[in-house]
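>>> next input, structure requested:
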Amino acid sequence: MEIKQDDPKAPHVAALLAHHLEELRSVMGEHAQALDASGLSAPSVTFWTAWQDDMLAGFGALKQLDATHGEVKSMRAAPAVRRTGAGRSILNHIIAESRKRGYSRLSLETGTAPLHVPAVALYRSVGFVSCAPFADYQASAHNQFLSLDLSR
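Next up is the predicted model:
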């Protein structure tokens, strides 16, 4: 698996990003918090794609909230590679980059629908635990918040 910094507006990202947004909106409606290509292009966000040979296997992003706190954004494995380790590779890359940047905490917001169960299991398997809402998020029946202590 090769992971490289990329442009979320690149043509090779468009179909998977559209699938990601459509799927989340179909389950969460207006409660979906996922960023589109413009949001993923913000100066505070770093975006990566994961590749298996010449196939886009997924993407993920890291948003800097402040000097010591990052947020996992828009993690997605392509449907063809789900449950093959692509998501774990992307998440491990984001965690390693967060440590390299000196963050003491890495947080994320995700949904509560059955669609989100595998992602939450992945996050918990690397040490994420439930936490209170952070940044500008508001708690609802449609979302949950997780955090990973990187200071250890």
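>>> for this structure, which strand is longest?
strand 55-66 (DSSP state E).
>>> give me the sheet partners of that strand and which way each runs.
Take DSSP bridges as the rule and strand 55-66 pairs in its sheet with strand 45-52 (antiparallel), strand 69-77 (antiparallel).
>>> who wins for proximity to R124 among those?
Smallest distance to R124 across those (C-beta to C-beta): 13.1 Å, for strand 69-77. For every residue, glycine as well, the C-beta is placed using N, CA and C.
>>> what residues sit buried inside the longest strand of the chain?
L56, A57, G58, F59, G60, A61, L62, K63, Q64, L65 (16 or more other C-beta atoms under 10 Å).
>>> so which of the strands paired with strand 55-66 is the most surrounded?
Mean neighbour counts were compared across these using mean count of other C-beta atoms under 10 Å; the top stretch is strand 69-77, at a mean of 23.
>>> now do the following helix or strand past that strand: everything it contacts.
Using DSSP states H and E, the helix or strand that follows strand 69-77 in sequence is helix 86-100. Residues external to helix 86-100 that are found in contact with it (C-beta atoms under 8 Å, 6 or more residues apart in numbering): 1, 3, 46, 48, 50, 52, 57-62, 70, 72, 75, 77-78, 106, 119, 122-123, 126, 148, 150.
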